[in-house]
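*Asks:* Need a 3D model of the following:
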Amino acid sequence: MWWSGWGFLSMIIAALTLFIGVANPFDPVRFLMATIIGAAVNWYIGKKFNSDKNKRIYTDEETGERVQLDYSHRIYSMKMEYFSIVIIIGHSLVLLNYFLKN
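*Replies:* Below you'll find the predicted structure:
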């Protein structure tokens, strides 16, 4: 699977920012603002979902060993908040392509 937990939200956020940014007529400023806002929202949601509050510590009754369960929300093996960097780089390439063609 490409994601775990709510990690698929990162791809939805990336697609929405791309869709909002390239709406007709194309405006580089709107595209840049959509990218920055989308990456910030993705970072915030990822940090919230992957916070230490969501980790649980259990004690194994047989061995007495403490075990920490870490259920993280990931996309392509990256935590959601770090996927914001991929969103910025990917959208920057789209913007660069626009400027090189015009």
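*Asks:* For this protein, which residues score under the pLDDT cut-off?
*Replies:* When residues are selected by pLDDT under 70, none of them lie in the chain.
*Asks:* From residue 92, how far off is residue 33?
*Replies:* Residue 33 sits 13 Å away from residue 92, taking C-beta to C-beta, to the nearest Å as the criterion. For glycine as for every other residue, the C-beta is placed from the backbone atoms N, C-alpha and C.
*Asks:* Was I right to think residue 72 contacts residue 50?
*Replies:* Yes - between residue 72 and residue 50 a contact is recorded at 5.3 Å, counting by C-beta atoms under 8 Å.
*Asks:* Quickly list what's touching both of the two.
*Replies:* With C-beta atoms under 8 Å, 6 or more residues apart in numbering applied, the overlap between the contact sets of residue 72 and residue 50 consists of residue 79.
*Asks:* Of these two, which one has the most company?
*Replies:* Set residue 72 next to residue 50 and count neighbours by other C-beta atoms under 10 Å: residue 50 wins out with 22 against 16.
*Asks:* where does the more buried one fall, phi/psi-wise?
*Replies:* phi -100, psi 20 (degrees, to the nearest 10).
*Asks:* Tell me how far it lies from residue 10.
*Replies:* Distance of residue 50 to residue 10, given as C-beta to C-beta: 12 Å.
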